[in-house]
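Q: Here is a sequence together with a model predicted from it:
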Amino acid sequence: MGGRRASLPLVSRLCTSVKPRNNWVQKRSFITAKDLVVEEQPSGEEEKRAVTNKLNLFSAVNQALLTVLESDPKSYVFGEDVGFGGVFRCTTGLRDRFGKHRVFNTPLCEQAILGFGIGLASMGNRAIAEIQFADYIFPALDQIVNEAAKYRYRSGNLFNCGGLTVRAPYGAVGHGGHYHSQSPEAFFCHVPGIKVVIPRSPAQAKGLLLASIRDPNPVVFFEPKMLYRMAVEEVPVDDYTLPLSSAEVMRKGSDITLVGWGAQLTLMEQACDEASKEGISCELIDLRTLIPWDKELVEASVNKTGRLLVSHEAPLTGGFGAEIAASITESCFLRLEAPVSRVCGLDTPFPLVFEPFYMPTKNKILDAIKASVKF
Amino acid sequence: MPEIDKALVLKIYQNMVTLQSMDSLFFEAQRQGRFSFYLTSFGEEAITIASAAALSDDDMVYAQYREPGVLMWRGFTLNEFANQCFSNDLDYGKGRQMPIHYGSAKLNYATVSSPIATQLPHAVGAAYAFKMDQKPLCSATYFGDGATSEGDFHGAMNFAAVLEAPVLFICRNNGYAISTPAHEQFKGDGVVCKGQAYGVRSFRVDGNDALAVYATVKAARKMAVEESRPILIEALTYRVGHHSTSDDSGKYRKGDEMHHWKTMRDPVVRLRRWLEGEGWWDSDADQQLRAETRNEVIAAMQRAGPRMKQPLANLFTDVYDTIPSHLRQQEKELRSTVARHRQDYPFDVPL
């Protein structure tokens, strides 16, 4: 390829680009940040720079929302404090650009935020609701479980609220205590009819959020708040989506399969690095979508390695790790060389001063990897 | 008071009578075990039919469950009502919900769900959409006195006011939430006074006066649409029947109270007397109408009842827009279980 084509985004040659309007379903190979490291393209720092920006997670989310608002006039972003930019700055600049009828504050009432969003979505709009902290999503649980999740099914597909996406920051932040640290994903994984998606990084967040917004089913999208500022990555400027219900192998291995999501993967990666120094080859999988989850990929991995470890911040009992453990034990029983291991938060409310003890740390994971391998 | 159109009022009356016929016969059908559940609108026929007459057919309706009159006004047929109650192969809801959980996309009536008041904020979202799409339409949501205690009532009223959404909040204050009388539901002056706190203009109307209901909703709708604002309407009425077929209201209220409202305050009789006073109706016409509607309801049940139920495949469709692999797997496993133990499963659900 000769010459510089400044206007053609580089990323579109690595994966097909999504035309935003009316394109609900996308079938694309996913990209990772590593894919963006240019191998086969001509040099041209300008071209590389034109393709991606170094963004943190809240900026990546902001980009996704901007893309949707720009491309679809029937899209709306709303929630508490989103007007000025939101408490985590995810909605910065959007109200100024798109006006207060498309990006607006709601009164302080999560159940109404959801109910309103369902109504808006049922009329064919993209309703992107923000819940300020996942810890406060519970008043909206009735609307999510009894209304959104059942909207299409109960109506015999006369109606649907597929245009609804609910975003909420979740997870430990170092000092959040009971009500600014929760990981409530397990509550939602028990609800047929919705999807639950959790990104691990800025580039993943943008692509998965765009996919979630455009998916014709209501999606609950949990953003790891710990990573809003801390995680920085090259994020394509282009409009792109990453597939839902598609887990990603972050690193290949042969001795043990590790499954996680969101911020926890950072710790799991560190544990895998240390394990490899001791000769243990770890395969690390980011589940990305928790329901419906990519069971086939995880099964294929466990059939290869014979061992499984699941790790999440949420409390152990009834956590989503239990579902994965039960399912894999059922389907891969004879292949398993050790019981499925779960390294999770404790069965307590999320404590403040005891957070370092509560958390599933790198060393807890590493010890569990070794125990599994030695079983 | 708007000009009264004879044809319109006659249509309102005829629909009220048809609703009464349908309710009487379907209630009996449930008692005979022909379907599992039923809920009547006895005593509240004027509210739903007259209000529906005052709306545009394109206004989106979010009902609670005691408003089939709205659907009937818009043209839902007796067959369509019966199909849903029997969960047969023609049920638009594909047999997933209990009887009376009707819905119709073509008639702009969102499918009913059992939880109380959850539909109120939906109506606000829909109204906001109409406003943003610059359509001269409103949404109308119906609910009972009990529903005004739910958080969703508060949330919806507040959002509607702050976001300036053209919603009609139509409350059927019928005196009871199952067995709980209104004085155990709220301590203030009913429902109409709640609107002021939210900045919502509110009206109280005699819900058993069909013409008053019509006039009120007509005026409210105009305000809502032209000024992009919510309106609360409290229609005072009385629930003559039991809460549902699962209720025996004799256990918590006096027979003479029910008798009084049924005989002295019936909205259908009231409108009939008015029509007769105008010379637009008479007892022969009434007898004929009642006989006709009764036959039509029976015929609809006779058509709907013997039909096969929804096919098994519809247990798994519409959970998502497409069937995910884990559900396909569950369907496969279920079908092999059913093949092995056919006698455990109903024979009127085709495999």
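A: That came in fine, so what should we check first? The structure presented is a predicted model; accordingly, all values stated were derived computationally and were not measured.

Q: So what pairs up with residue 169 in the strands?
A: As the question left the chain open, I've gone with chain A. residue A:223 (DSSP bridges).

Q: The intended chain is chain B.
A: The partner residues for residue B:169, given DSSP bridges, come to residue B:141, residue B:232.

Q: Tally up the residues packed near it, please.
A: 32 (other CB atoms under 10 Å in any protein chain shown). C-beta: built from backbone N, CA, C; applies to glycine.

Q: Same check on the one 10 residues further on?
A: Number of residues near residue B:179 (other CB under 10 Å) recorded here: 14.

Q: Could you pull up the residues touching it?
A: By CB atoms under 8 Å, 6 or more residues apart in numbering or on different chains, residue B:179 lies in contact with B:243, B:247, B:249, B:251, B:252.

Q: With pLDDT, neighbour count and distance to residue A:357 as new columns, can those residues be given to me in JSON lines?
A: Below are those laid out as JSON lines (pLDDT from 0 to 100; neighbours: other CB atoms under 10 Å in any protein chain shown; distance: CB to CB, whole Å):
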{"residue": "B:243", "pLDDT": "96", "neighbour count": "20", "distance to residue A:357": "52"}
{"residue": "B:247", "pLDDT": "96", "neighbour count": "15", "distance to residue A:357": "53"}
{"residue": "B:249", "pLDDT": "95", "neighbour count": "18", "distance to residue A:357": "57"}
{"residue": "B:251", "pLDDT": "95", "neighbour count": "8", "distance to residue A:357": "55"}
{"residue": "B:252", "pLDDT": "96", "neighbour count": "13", "distance to residue A:357": "54"}
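
Q: Find the pair from these with maximum spatial separation.
A: B:243 and B:251 (10.9 Å; CB to CB).

Q: Centre-most residue in the chain?
A: Using chain A. residue A:198 (1.8 Å; CA atoms, centre = their mean).

Q: could you do chain B instead?
A: residue B:67 (1.6 Å).

Q: could you list every residue that touches that one?
A: Contacts of residue B:67 (CB under 8 Å, 6+ apart): B:41, B:48, B:61, B:142, B:172.

Q: What's the separation between it and chain A?
A: Distance, residue B:67 to chain A, by CB to the nearest CB, to the nearest Å: 16 Å.

Q: go on, residue B:310?
A: Counting by CB to the nearest CB, the gap from residue B:310 to chain A is 9 Å.

Q: for that residue, what are its contacts?
A: B:87, B:88, B:89, B:91, B:94, B:95, B:349.

Q: cool, residue A:79 as well?
A: Applying CB under 8 Å, 6+ apart, the residues near residue A:79 are A:86, A:105, A:106, A:113, A:129, A:130, A:131, A:132.

Q: Now rank these by neighbours and give me the top one.
A: residue A:113 (30 neighbours).

Q: so how far is the helix or strand containing that residue from its chain's centroid?
A: Assigned by DSSP states H and E, residue A:113 belongs to helix A:110-122. With CA atoms, centre = their mean, to the nearest Å as the basis, helix A:110-122 stands 22 Å off its chain's centre.

Q: Which strands or helices does that helix pack on?
A: strand A:75-79, strand A:126-130, strand A:164-170, helix B:119-132, helix B:151-162 (3 or more CB pairs under 8 Å, 6 or more residues apart in numbering or on different chains; DSSP states H and E).

Q: let's see it at 6 Å
A: Judged by 3 or more CB pairs under 6 Å, 6 or more residues apart in numbering or on different chains; DSSP states H and E, the packing partners of helix A:110-122 are strand A:126-130, strand A:164-170, helix B:119-132, helix B:151-162.

Q: Lovely, talk soon.
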